[in-house]
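# here is a sequence together with a model predicted from it:
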Amino acid sequence: MPRKPRFFLPDIPSHIVQRGHSREPVFFEDRDYRAYLHWLSEAAVRYECAIHAYVLMTNHIHILATPKDKQGISRMMQYAGRRYVPYINYTYGTSGSIWEGRYKASLIHDEQYLLTCMRYIELNPVRANMTKSPGQYRWSSYRANTQGREDKLLTPHSLYLKLGKATGSRLQAYRDLFKAHIDDEDLKEIRAAWQTGTPLGNEYFKKKIEQKLKTKVGQARRGRPKRALTP
């Protein structure tokens, strides 16, 4: 069966997920996380991809990014991967790819899902029982987005900036979003979207994407119509 194509569009956020081969670790020491973030940062600048949120887990990564053109995300991921994989093989005396096939990605309807997707990404360490709170985990965008810590990798999305005119009020407003759990239905929608490459949004958003791509993008799963979210 042919692989389902990945869809990217200029100025439309995408949720990117890449797992280690057979779910084996891809990060072993602090220097590994730093190395990957360094190359990812270089790639984001080079290919004009604005990264809004990320988390580097032991055996997989999540990135939320908005590209300037259709090729930006693919080139960004290739750039980082072509430097990080040889680095791991050289450092630990291994060979071959460390990733489980191609990365997966889904287009995100920003007005409906962007802030929820950011929370989904930054809460990964908590769902994995690695930490009790996302602020305890070092390798994510949470501290920058909630505490204002400097992170040159990040470019705030306009919806995040609208949370507050002043930096302090914006950080507090984003922190407040974490007081509520992400709805189970929303979790299922987000997971189904990136696993299948289906755009994450309402029917209007999906039809708009199909018009721009001039192709059908399919559905992640059957179910009731998605209700509007109020982050």
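Structure's in. What do you need?
# please count neighbours and contacts with C-alpha atoms only from this point.
Noted.
# report pLDDT for residue 126.
Note on residue 126: pLDDT of 97.
# please disregard the earlier target; I meant residue 228.
39.
# pLDDT at residue 231, what is it?
pLDDT, residue 231: 37.
# numbering from 27 from now on, please.
Taking 27 as the first residue, the last one we looked at is residue 257.
# spit out the contact partners of the residue lying closest to residue 232 once chain neighbours are set aside.
What sits nearest to residue 232 in space, not counting adjacent residues and going by Cα to Cα, 6 or more residues apart in numbering, is residue 225, at 6.3 Å. Residue 225 makes contacts with 132-135, 219, 232, 235, 243, as judged by Cα atoms under 8 Å, 6 or more residues apart in numbering.
# how many neighbours does residue 121 have?
For residue 121, the number of neighbouring residues by other Cα atoms under 10 Å comes to 11.
# can I get stretch 204-216 in CSV, CA atoms only?
Taking Å, rounded to 0.1, in the frame of the first residue of the first chain, the C-alpha atoms of stretch 204-216 are listed here in CSV:
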residue,chain,number,x,y,z
PHE,A,204,-3.1,24.2,32.3
LYS,A,205,-5.4,24.3,35.3
ALA,A,206,-8.0,22.4,33.2
HIS,A,207,-7.5,18.9,31.8
ILE,A,208,-7.6,18.4,28.0
ASP,A,209,-10.8,16.8,27.1
ASP,A,210,-10.5,13.1,26.3
GLU,A,211,-12.3,13.6,23.0
ASP,A,212,-9.7,16.4,22.1
LEU,A,213,-6.9,14.0,23.0
LYS,A,214,-8.3,11.4,20.6
GLU,A,215,-8.8,13.9,17.9
ILE,A,216,-5.2,15.2,18.1
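# so can I have TSV of the contacts of residue 225 showing neighbour count and secondary structure?
As requested, the contacts of residue 225 are arranged in TSV below (neighbours: other Cα atoms under 10 Å; DSSP: H, G, I helix; E, B strand; the rest coil):
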residue	neighbour count	secondary structure
132	25	strand
133	27	strand
134	26	strand
135	20	coil
219	23	helix
232	21	helix
235	21	helix
243	19	coil
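# let's have these in CSV, adding distance to residue 121 and pLDDT.
Shown next, in CSV, are these (distance: Cα to Cα, whole Å; pLDDT from 0 to 100):
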residue, distance to residue 121, pLDDT
132, 30, 96
133, 33, 97
134, 35, 97
135, 39, 96
219, 32, 95
232, 41, 91
235, 39, 93
243, 36, 80
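# for residue 120, helix, strand, or coil?
With DSSP: H, G, I helix; E, B strand; the rest coil as the basis, residue 120 sits in coil.
# quick one, grab the pLDDT at it.
95.
# that one reaches residue 114, doesn't it?
Yes: Residue 120 is in contact with residue 114 according to Cα atoms under 8 Å; the separation is 7.4 Å.
# compare neighbour counts for the two and give me the winner.
Taking other Cα under 10 Å, residue 120 and residue 114 do not tie; residue 114 has more neighbours (20 against 13).
# which outside residues touch the helix or strand where that one lies?
Residue 114 is part of helix 98-118, with elements assigned from DSSP states H and E. Identification of contacts with helix 98-118 by Cα under 8 Å, 6+ apart yields 34, 58, 61-62, 65-66, 69-70, 72-75, 91, 93, 120-124.
# at 10 Å instead, please
Here helix 98-118 makes contact (Cα atoms under 10 Å, 6 or more residues apart in numbering) with 32, 34-36, 40, 42, 44, 52-54, 58-59, 61-76, 91-93, 119-125, 129, 131.
# can you tell me the closest non-neighbouring residue to residue 92?
Using Cα to Cα, 6+ apart, the nearest residue to residue 92 is residue 39, at 4.2 Å.
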